[in-house]
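1. Below is the sequence, then the predicted model.
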Amino acid sequence: MIETKKLTKNFGNLVAVSDLDLYIGAGDIFGFIGPNGAGKTTTMRILVTLLEPTSGAAFIDGLDVSKKGKDVRRRVGYMPDFMGVYDDLKVFEYLEFFAAAFGIEYKKRKAIVDGVLELTDLVSKRAAPVDSLSRGMQQRLGLARVLIHDPKVLVLDEPASGLDPRARIEMRELLRELKRMGKTIMISSHILSELEEICDRIGIIERGQFVFSGTIEEIRPRLGIQSKVRVKVVGDPARAIELLSALPQIQKVEAAGDYLSVTFCEGQNADGVIARTLVNAGLDLVYLHPEQLKLDDAFLQLTKGIVH
Amino acid sequence: MNATSADSLLQCLGPLRLAGPIFDKELRVASRRRRLYVLRFAYVVALVLVVLYLWSSLLRTSGGAGGALQASRLTEMGKGIVAMVVWFQFITGQILAAALLGDAINSEVRQRTLDVLMVTPVRSVQIVTGKLVSKLLQAGSLLAISLPILAVVRVFGGVPWDYLIAGLCVTASVGIFAGALSLTLSISNRQPYQAFLAVILWNIVVWGLLASLLTKLSQSGYLSGGVVRSVLQLTNPFILLGGLTQGMMSGFGGVGMLSWLWQCLVLLASATILLVWSSWRVRKITLRTRPLRVQETSEAIASGVGKPRRRGAIRPVVGSPVAWKERCTPLFKTYRSALPYVGLLLVILGISITLSIVSSESLGVFFFFFAGLVQLLFLVDVGVAAAGAVSREREARTWPILLATPLEGREIIWGKAIGAFRRNLPLLAPLPVLYLFTFIWGPAEGRSPWASAFAACVLLGTLAISTVFLLGAGLYFSVRLKTTTAAVVTTLIAYVGSKFVLYGFVSPVIALTAGLLHAIGVPEGGVMSAAIVATGGVSAVVYVGGGLLFLYLAARRVRRDIF
């Protein structure tokens, strides 16, 4: 549904995006992650026809964004990182304005606007002036706006930025609902844990190039990270360390507060062996849990925080 | 008093202490802005053109004479050039001060840096003074460019020192006053051009119309001539400088030293009052724009306790969405914001009626004068609305959202043009009535109904072609330039500049051609009619053609330089 081939964008001597190859299938949610100035917003702007690429090509639903701009815009809903609003309009008028801009027939507009208001839970704000809405409400309105023409693809540039925790959770639920509706979503965010929960695939970009693209599960081997478990025993932790360190499947055992952090050798996963060894030695095992690789950790390991 | 406390006292009393760190920051930033260098270049070019024009015209008036005669007229030429340069500085000093200080406070509000400043130990008086002094220094450095010309020309002789000193002092004090006024207005106006235009309007109304009214009243015997002359010389810098120049040119001396010193003091005292008031207002405006406001309003609406700011039915989107959106933008946001403009119109109306009565002119002259002012306001606002149509969206960051829709560039530009025109219909509506009154009550001598109808057509035609040009130029510069103020100023300069080109270059060529035709035997009446038609035709072609060309270029550029 979304594809880029050797996409490059230069601003004078600055290379914002460099030979970027990207593919997002229909119905996927793709998380776009990177430090500030990495080229996320530039890539998104090219995809929604607001910027011309210097070289390479980008396609939405098989249409070249440089050649079929108008058709691409009909298929894409774009929400920028900072969304301005028209301060002279009310919520309904604002949405109807964009419905008209997308060429929706006058007779159908009311039903469509009411539909997106309901979907985004803004019905109570129907007659409120747009500029009187809180930040969270304005973000919801932005989402309502991008849905007004029922696009196949949504390009959302940091839609959760500046929102309070409740609004963020609501936004996440809304995105899940949109996924259920079959939309293809490309979303950038700095709140990495949120992307982890809703994205099918992620792409980590730095200096205009992907340093990783794939599923969350694919990151671990890519980083050469071995599996880890956290263990807690009651009694003699020093003995537990001694016993576990002697196991051939285990590379390292470290004390971490009340817990033990156990790192397996590459390709090994021996939770059962750990439990058996400790119980047979007469130690009381009270906690055994595999450690998850957080997206934040992967982000820190993959990127160096270098910006243009 | 020991050395340390003496140092502290001196530091407190130092002029830079009054301006605070804002002064330092403003100077630092100014040198990095391209605008300052553009201004310097434009100022030098304008000064050179003015001096060359004056020099050539003075040579022309003494043309054909021998070297001896020219040498005898050097003194007169020197006086003329000095007077011209002093007046040039006087006018440009005010324009520069108003332009540079038009964004003094509103830029801080827009960038949300005013709140940050107000929570530092920097006092509001330091913010205001720092802004004023730093910008006036920039304006002063520009004016200083012309000082060598004055010094060199004075060598020709005949120009007294006291004229130069008085001229420079009046220029400096009127510049400070214009800057302080612009700064004060920049607190309540969101866009810098609004403050700038308001200062220009002040000059026209207070120092132009009000002075004319007082003069007419004194000429008609309603007021004492001596009193009016004294009051005007003490309060009106234009009249004062006019008197000084007249005295210098005639060689008999005009205005006494006491008068210009007194006027400088009056202007400086007025500027100080404005600054004190501005310091108080700056803190008020910071409190008013605190970030909680939006949240509070939103919560008030949600709970139904407060009243929404804009009530009324939801308006359906009919026709072009862009034109509809432009129409939704009211001429004035609130009734309160409309009050100063309505008040100003009423003042102009009152002055016009009084002028008409005391000067025993026909009522038609008054209506013609008032219609002219309304027409001018309409044209300026059409230009401003068109120039802000795109740049305001860019500033509000709604432009990329609009461009992410399938609307074509020409649809957007056409919608914006229609919207900018329709928004100003309230100003256009009374014009036909005012012109009708002009023809009904105007001087009837030698005028047929056909002549009146022709004059009406000419007026409406002029209005139409100017409107097309301003809409086109405004939208083009709005698409092309980053800020609304840059777009507005460029549009108005383009319009005024086109007038100079037409009446300074094209009209003389037509007049010359007409003279040649008459010389080869074509009757004078026919030649004159042809010249008038040709001038009108060229104007129409230039304005309509230029306006349409600008519209076409704007539509082509819509999707370039979006951010």
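-> Received, thanks.
2. near chain A, which residues of the stretch 401-550 of chain B?
-> Applying C-beta under 8 Å from any C-beta of the partner chain, one finds that the stretch 401-550 of chain B approaches chain A through B:I401, B:L402, B:L403, B:A404, B:T405, B:P406, B:L407, B:E408. C-beta here means a position set from N, CA and C on the backbone, and glycine is covered the same way.
3. Show me how to select, in PyMOL, the buried members of those.
-> The buried residues among those can be selected in PyMOL (16 or more other C-beta atoms under 10 Å in any protein chain shown) with this line:
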select buried, chain B and resi 401+402+403+404+405+406+407
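4. Out of the residues of the stretch 401-550 of chain B next to chain A, flag the one nearest to A:T54.
-> Among these, B:L403 lies closest to A:T54 (C-beta to C-beta), at 19.5 Å.
5. close enough to count as contact, that closest one and A:L51?
-> No: the pair B:L403 / A:L51 is not scored as a contact, 10.6 Å apart, by C-beta atoms under 8 Å.
6. shared neighbours of these two, anything?
-> When contacts are counted by C-beta atoms under 8 Å, 6 or more residues apart in numbering or on different chains, the set common to B:L403 and A:L51 consists of B:I562.
7. could the residues of the stretch 401-550 of chain B next to chain A go into JSON lines alongside secondary structure and pLDDT?
-> JSON lines is the format used below for these (DSSP: H, G, I helix; E, B strand; the rest coil; pLDDT from 0 to 100):
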{"residue": "B:I401", "secondary structure": "helix", "pLDDT": "90"}
{"residue": "B:L402", "secondary structure": "helix", "pLDDT": "91"}
{"residue": "B:L403", "secondary structure": "helix", "pLDDT": "91"}
{"residue": "B:A404", "secondary structure": "coil", "pLDDT": "90"}
{"residue": "B:T405", "secondary structure": "coil", "pLDDT": "91"}
{"residue": "B:P406", "secondary structure": "coil", "pLDDT": "90"}
{"residue": "B:L407", "secondary structure": "coil", "pLDDT": "90"}
{"residue": "B:E408", "secondary structure": "coil", "pLDDT": "89"}
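8. where do the strands sit along the chain?
-> Let's take chain A. With strands called from DSSP state E, chain A shows them at A:2-11, A:14-24, A:29-33, A:55-60, A:63-64, A:76-79, A:153-157, A:184-188, A:201-206, A:209-214, A:228-234, A:250-256, A:259-264, A:284-290.
9. so what's the residue in the stretch 201-350 of chain B positioned nearest to chain A up against?
-> Using C-beta to the nearest C-beta, the single residue of the stretch 201-350 of chain B nearest to chain A is B:P321, 3.7 Å away. By C-beta under 8 Å, 6+ apart, B:P321 lies in contact with A:F97, A:F98, A:A100, A:A101, B:L407, B:G415.
10. Spatially nearest residue to the fifth one (excluding sequence neighbours)?
-> Nearest residue to B:L407 in three dimensions, chain neighbours excluded: A:A101, at 5.4 Å (C-beta to C-beta, 6 or more residues apart in numbering or on different chains).
11. Give me the neighbour count for the one you found.
-> The number of residues packed near A:A101 is 26, by other C-beta atoms under 10 Å in any protein chain shown.
12. I figured it hits B:L402, correct?
-> Yes: contact criterion C-beta under 8 Å: A:A101 and B:L402 qualify, at 7.1 Å.
13. Let me see the contact set for B:A386.
-> For B:A386, the contacting residues are B:K416, B:A417, B:A420, B:L470, B:L471, B:G472, B:A473, B:G474, B:L475, B:S478, B:T491, by C-beta under 8 Å, 6+ apart.
14. if you set the cut-off to 10 Å instead, what comes out?
-> Neighbour list for B:A386: B:413, B:416-417, B:419-421, B:423-424, B:467, B:470-478, B:487-488, B:491, B:547, B:550-551, B:554 [criterion: C-beta atoms under 10 Å, 6 or more residues apart in numbering or on different chains].
15. Any idea which helix or strand in the chain has the lowest mean pLDDT?
-> Looking at chain A here, since you left the chain open. Within chain A, no helix or strand scores below helix A:219-223, which has a mean of 67 by mean pLDDT, DSSP states H and E.
16. looking at chain B here, not the other one
-> Within chain B, no helix or strand scores below helix B:292-303, which has a mean of 40 by mean pLDDT, DSSP H and E.
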